[in-house]
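Engineer: give me a 3D structure for the following:
(chains A, B and C)
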Amino acid sequence: MHRYLSRRGLPVPAGLGLALGVAITGTLASAPAFAQDATEAAVEAVAATGVSPESAFIFNTLLFLMAGFLVMFMAAGFAMLEAGMVRKKSVATQCLKNVALFAIAGILYYLIGYNLMYDGVDGGWMGTLSIWSPDDSAIDGGDFGAGYAASSDWFFQMVFVATAASIVSGTVAERVKIWPFLAFVVILTGILYPITGSWQWGGGWLAEMGFSDFAGSTLVHSVGGWAALAGAFLLGARRGRYGRDGSVTPMPASSLPLATLGTFILWLGWFGFNGGSQLAMGSGADAVAVARIFINTNMAAAAGVVAAMVVCQLIYKKIDLTLVLNGAIGGLVSITAEPLAPSLAASLLIGGVGGVLVVLAVPLLDKLKIDDVVGAIPAHLVCGIWGTLIVPFSNADTSYGTQLTGIVAIGIFTFIASFIVWSILKATVGIRVHEEDEERGVDQAELGMEAYPEFGPSAV
Amino acid sequence: MHRYLSRRGLPVPAGLGLALGVAITGTLASAPAFAQDATEAAVEAVAATGVSPESAFIFNTLLFLMAGFLVMFMAAGFAMLEAGMVRKKSVATQCLKNVALFAIAGILYYLIGYNLMYDGVDGGWMGTLSIWSPDDSAIDGGDFGAGYAASSDWFFQMVFVATAASIVSGTVAERVKIWPFLAFVVILTGILYPITGSWQWGGGWLAEMGFSDFAGSTLVHSVGGWAALAGAFLLGARRGRYGRDGSVTPMPASSLPLATLGTFILWLGWFGFNGGSQLAMGSGADAVAVARIFINTNMAAAAGVVAAMVVCQLIYKKIDLTLVLNGAIGGLVSITAEPLAPSLAASLLIGGVGGVLVVLAVPLLDKLKIDDVVGAIPAHLVCGIWGTLIVPFSNADTSYGTQLTGIVAIGIFTFIASFIVWSILKATVGIRVHEEDEERGVDQAELGMEAYPEFGPSAV
Amino acid sequence: MHRYLSRRGLPVPAGLGLALGVAITGTLASAPAFAQDATEAAVEAVAATGVSPESAFIFNTLLFLMAGFLVMFMAAGFAMLEAGMVRKKSVATQCLKNVALFAIAGILYYLIGYNLMYDGVDGGWMGTLSIWSPDDSAIDGGDFGAGYAASSDWFFQMVFVATAASIVSGTVAERVKIWPFLAFVVILTGILYPITGSWQWGGGWLAEMGFSDFAGSTLVHSVGGWAALAGAFLLGARRGRYGRDGSVTPMPASSLPLATLGTFILWLGWFGFNGGSQLAMGSGADAVAVARIFINTNMAAAAGVVAAMVVCQLIYKKIDLTLVLNGAIGGLVSITAEPLAPSLAASLLIGGVGGVLVVLAVPLLDKLKIDDVVGAIPAHLVCGIWGTLIVPFSNADTSYGTQLTGIVAIGIFTFIASFIVWSILKATVGIRVHEEDEERGVDQAELGMEAYPEFGPSAV
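Structural biologist: Prediction:
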């Protein structure tokens, strides 16, 4: 069950805090058979062992569970962010999609995804198509060598898959049909994400090459972004969004407090996202690493906020709250590829650039007439690329060339595969609601209900 | 302080990770007095002990606190779910009731409930009427045999009581008077819930008989559901809800994003609800158990969502978001009676059936003219019964007969006792607002304020 | 790195659970050189050590991280509370201010605040103006004497600074200009808060004198309250709030469910705020302490709710939800100065008085024509004073005189310094929006956007 540790390209389960315990046991076993020595050995063992294998097992499992529930809550964050960012007439559908995609991601990752990503990849391109089930039988024999409960690892990774799906949901809002969207989620979480995931975290060819993506700027956020981009391209923009004269009709967010709440929940969840990706808390060194990741993550988000505010003010003479919220997310995505190695100052820089990129990328997408309703592509794709590219700046074990290779390879695969899946859906069941249905809103058309039935009619 | 462990019908504090340490200590104490042996013993002790009693004490306490704050947050989840599900004119009252009931539950469980539930039940029907106070004096003498801080246990259980009260709040919304409702909460959290709780988790007659309810499908969710049912019956439906011709007037939820947020918060909190009910994290085996509970809990919720969606689509040709949200809750309630033993596939099945039951039970209640504003009875009562009944499917130590006995006994007691309490309140202070007050809304009538004063008039 | 422990006036790092490990090591090292003894020593060591230095290090770090992310989430709580309490036309600005202040607090505390608060204070008045960076190099040599990861400590304290800034944000809502407000946040979080913080938690003169403020009733909440009071005074009331005849025009909260959600999030976060302030979880005694803090904190909040409800009902014959929400916060602030020592009964009393104070202080402020939009001054300043004053009631190591000294000293410094900073801002860039901008709302004027653009016009 150590395969998950290859996530950081480590061939052995380093960082688990087990080595120390094993080493001491070894030393003691060969200790001279004298009482004095025995006493000293005992003393040394007790004083130095630090963390027994079983305690480390509990700590590591606890990290996965705690980080996992924080990341799970990001599903609520995305739901609120997106519900706040779309127009009133699409809010209920957006809520439904976010609940449904989280459910589907969990089921598909169990049925297909996890084993496809981790089971016997070993330098290759993907694992096996088999149903995963937890195996913790070793600990019944007192063997804690696995380092953590298999279920806790699965839980932590499952919530990552769901994150990738959440990213897509926002971009294609307000005009995508529900069931075809959910069909795409099935493919994304069951097959596409696990394949590119296997290349790196499954110990596949990218991991062998030395690519580095600590918590998934590319593997999670860019993957979501590419899939969203393909969808947005094939769906087309919302009716009336772009005029023939190049004008852009603003379609303001229906509830900025919900969008703000969503962003704060994402920020909170990101401590689990990045912190949990240390994959271990069973040694002092790992605890220090998790703590460093927390403060770097927070600093990058803070810098993303401030940078977005300042750039907004300079360009538009006003602060745009939605850009600031996306600036926070952009900062968070940017630090996700390497939240451990940078200093706080470097994290500030990395996150700050992320915030600037978001502000600059949003109008660029509009120029390209790609209608990304919640700004997910700037925040998750653009900053995902930025964050992955800049890893060698703080992590000497990586190279810009390899990072670029990973970004491009995963980008090409995910975009093309997503394009094909969306295209098939478009050609068969259709992916876009009828024109008049879009006009009155997907909530009415697809669900037959309104998100806010007592708050007056929606703007068209 | 071990009484809480009888919660799972265990006569001894198994699962606390203490046994191993004690066993090793025993073995070592009788080890031959030779240096070689001593060395080996030391080695073995350090390598094998795994978790010292004090470390286990901390882990267990931490589990209670962490799981406890997650369950505490479920109070916010219920508040948002209910505030989103009622009409605009009742939202503020719903918020108030949820804050107030959480406060009252904490105070009453301290003054009466906890000791009534746990103090000297021993196979009987209830404990003592005395005020609880934490006793952790043993650890001052270095004795960590209690396994966890008394306060942490109380915290964890107190938030469970509050959950039961939250369930009632939603059903009786939009027409109940605030103070009589809170009076009912006083009785429910101080007396009714603790009595049935003592039968099982207090080590009473149901526990002795072999009834099994891991985290409270029956003890918490059904109890809340029965109390709600009695209230809904005595209150009557909202004005205009049911026509004489059998028609049902839809009274749509005022804010679906808030209802969605509430559901996500409940889903998050449920990891604490079920995971914390393992009651221990001080051994590798317990950590594995908590992790398994997390993934089973998530799988059941996911299955509840998907099942509700599919059944909705089949029956109504449209997906109803509120039914899907209740499907998630139904899945969660269903797995709560036994979240540890089932495989992921079984959890999928158990939760999925829960989701279907919710979709089927909602119109059934309407046929019976029982006006359950938020759908709490289908999700908590119906699925609570289902989840408790199905325990023997995955847990061989239980029997369908005993499960049924527990369900029926607790159901009869809670429904009748609640019926009596509601009846007394109805006959004395009255439980329903005046007709014209209901018309203009309980917020105006009871609080003299509006939840959304600047968002136009409410629908009647 | 032990300076933080002076937070509770301890000259040595007591409470870290390290002492025991060291003591046992010492005992064993001098054990007679006989095999029997060695065996027994090994047995004893394994059985008794409880928690190794490295395990304690992990537990302590984990407490800081877990409590820290809970407190971080309070930023969302304040954002929702304030977004719900202001009028519709000011909601977006309130959201922006809360996101921005959290970002700024983190950056400033890194650049200036932390070292000013902790670096070499030693009985003095403040530390050094230097940039902080984490130093955990000791553990590379296997020395876990620091007790916790430096980064985790910084994280925990950083979120406290942000809390103080959040308090100010609510009071000055609906009329303050964004950039000058953020400039004030820079000074508050970079300089003012760290200076008074250094007096106590930095081991400065107040700590030496014996002042006691466990988690910051005064150091965090009153500081925020004083800064808010100075701002409200210099800003003046909202247009139309107070008539010349002494009348007060109600300006109702725009969304009570958001305010309720915010309160629940704050309640949740407070377990981290107070529980984490134990600063250690690496011993059984510390775990017990954290658990006690949890239940006392909850009890005080519950009492604040019930007391506010009852007093409201008695005075106004109706319950005011916003006062009840502030009653919860008032209860929480009241117990924050000493959440460990009181019994549950005492916590009930302390929190209950807090709830009463809130209900009484709100109209008093209106009489003084101090327009505190969200009621932050009653809840945070008044209850902060109350909570700090009442510490000697349950903690015999403190005196009313010293407590008063601390309250007054910090109050005078913070109020005057804040007054000066606000005055400079007023005299230079101005702190209040133009009259017509306030009329149409700060959202339109400052951000050029609306929080709820599709929900009809705002009330003026």
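Engineer: helices of the stretch 301-450 of chain A, start to end?
Structural biologist: According to DSSP state H, counting those that start in this stretch, the stretch 301-450 of chain A carries its helices in the segments A:321-336, A:344-367, A:376, A:383-389, A:391-394, A:400-428, A:435-440, A:442.
Engineer: A:Gln278 contacts A:Asn60, doesn't it?
Structural biologist: No - contact between A:Gln278 and A:Asn60 fails when scored by C-beta atoms under 8 Å: they sit 9.6 Å apart. Backbone N, C-alpha and C define where each C-beta goes, glycine included.
Engineer: of the two, give the one with the bigger neighbour count.
Structural biologist: A:Asn60 (29 against 25; other C-beta atoms under 10 Å in any protein chain shown).
Engineer: now do the contacts for the closest residue to chain B within the stretch 201-350 of chain A.
Structural biologist: Evaluated by C-beta to the nearest C-beta, the stretch 201-350 of chain A has A:Leu258 as its residue closest to chain B, separated by 5.8 Å. Listed by C-beta atoms under 8 Å, 6 or more residues apart in numbering or on different chains, the contact set of A:Leu258 reads A:80-81, A:83-84, B:257.
Engineer: one more pass at 7 Å, please.
Structural biologist: Under the criterion of C-beta atoms under 7 Å, 6 or more residues apart in numbering or on different chains, the neighbours of A:Leu258 are A:80, A:83-84, B:257.
Engineer: next: A:Ser347.
Structural biologist: A:296, A:299-300, A:335.
Engineer: restricted to helices, list the residues you listed.
Structural biologist: By the criterion of DSSP state H, membership of the contacts of A:Ser347 in helices covers A:296, A:299-300, A:335.
Engineer: so A:Gly147 sits in a helix?
Structural biologist: No - looking at A:Gly147 with DSSP: H, G, I helix; E, B strand; the rest coil, it is coil, so not inside a helix.
Engineer: how many residues are close by it?
Structural biologist: Burial of A:Gly147 is recorded as 24 neighbouring residues (other C-beta under 10 Å).
Engineer: quick one: it and A:Gly282, what's the gap?
Structural biologist: The gap separating A:Gly147 from A:Gly282 is 7 Å, by C-beta to C-beta, to the nearest Å.
Engineer: among the contacts of A:Leu258, which two are most distant?
Structural biologist: Pairwise distances across the contacts of A:Leu258 (C-beta to C-beta) peak at 7.6 Å, for the pair A:Gly84 and B:Pro257.
Engineer: out of the contacts of A:Leu258, who's the most crowded?
Structural biologist: Neighbour counts for the contacts of A:Leu258 were taken using other C-beta under 10 Å; the highest belongs to A:Ala83, which has 34 neighbours.
Engineer: chain C contacts on the stretch 251-400 of chain A?
Structural biologist: Among all residues of the stretch 251-400 of chain A, those adjacent to chain C (criterion: C-beta under 7 Å from any C-beta of the partner chain) are A:252, A:254-257, A:260-261, A:263-265, A:268, A:271, A:281, A:283-285, A:287-288, A:290-292, A:294-295, A:298-299, A:302, A:305-306, A:309, A:318-321, A:324-325, A:328, A:343-344, A:348.
Engineer: mark which of those residues are buried, thanks.
Structural biologist: Listed as buried from these are A:254-257, A:260-261, A:263-265, A:268, A:271, A:281, A:283-285, A:287-288, A:290-292, A:294-295, A:298-299, A:302, A:305-306, A:309, A:319-321, A:324-325, A:328, A:344, A:348; burial here means 16 or more other C-beta atoms under 10 Å in any protein chain shown.
Engineer: for the residue in chain A that chain B sits nearest to, grab the count of nearby residues.
Structural biologist: Taking C-beta to the nearest C-beta as the measure, chain A has A:Glu54 as its residue closest to chain B, at 2.7 Å. By the criterion of other C-beta under 10 Å, A:Glu54 has 27 neighbours.
Engineer: one step back: and the gap between the residue of the stretch 201-350 of chain A closest to chain B and C:Trp267?
Structural biologist: Using C-beta to C-beta, one obtains 20 Å as the distance from A:Leu258 to C:Trp267.
Engineer: before we move on, the earlier item: and which of the ones in helices among the contacts of A:Ser347 is nearest chain C?
Structural biologist: Of all the ones in helices among the contacts of A:Ser347, chain C sits closest to A:Met299, with 6.4 Å by C-beta to the nearest C-beta.
Engineer: so that closest one touches A:Ala346, yeah?
Structural biologist: No - in this structure, A:Met299 sits apart from A:Ala346 without contact. The criterion is C-beta atoms under 7 Å, and the distance is 9.1 Å.
Engineer: how about chain A: which residue is closest to chain C?
Structural biologist: Counting by C-beta to the nearest C-beta, chain A gets nearest to chain C through A:Gly50 (2.9 Å).
Engineer: quick check: pLDDT value at the residue of chain A closest to chain B.
Structural biologist: pLDDT for A:Glu54: 94.
Engineer: list the contacts for it?
Structural biologist: If you count contacts by C-beta under 7 Å, 6+ apart, A:Glu54 has them with A:144, B:50-51, B:283-284.
Engineer: what of A:Phe264?
Structural biologist: Remark: with contacts taken as C-beta under 7 Å, 6+ apart, A:Phe264 is in contact with C:75-76, C:79.
Engineer: tell me which of those fall in helices.
Structural biologist: Secondary structure assignment (DSSP H) places C:75-76, C:79 from those within helices.
Engineer: closest one of the contacts of A:Phe264 to A:Ile420?
Structural biologist: Checking the contacts of A:Phe264 against A:Ile420 by C-beta to C-beta gives C:Ala76 as the nearest, at 39.4 Å.
Engineer: residues in contact with stretch A:166-181?
Structural biologist: Around stretch A:166-181, the neighbours that count as contacts under C-beta under 7 Å, 6+ apart are A:75, A:78, A:82, A:85-87, A:90, A:93-94, A:96-98, A:101, A:188, A:221, A:224-225, A:227-228, A:231-232, A:235, A:238, A:372-374, A:376-377, A:380, A:425, A:429-433, A:438, A:442, A:446, B:319.
Engineer: pLDDT of it, averaged?
Structural biologist: Model confidence over stretch A:166-181 averages 97 on the pLDDT scale.
Engineer: distance of the residue of chain A closest to chain C from A:Ser283?
Structural biologist: From A:Gly50 over to A:Ser283 the distance is 7 Å, taken as C-beta to C-beta.
Engineer: quick check: the residue lying closest to A:Glu54 once chain neighbours are set aside vs A:Met66, distance?
Structural biologist: Leaving out its chain neighbours, the residue that sits closest to A:Glu54 by C-beta to C-beta, 6 or more residues apart in numbering or on different chains is B:Gly50, at 2.7 Å. Going from B:Gly50 to A:Met66 by C-beta to C-beta gives 20 Å.
Engineer: any weak-confidence spans in the stretch 201-350 of chain A?
Structural biologist: When residues are selected by pLDDT under 70, none of them lie in the stretch 201-350 of chain A.
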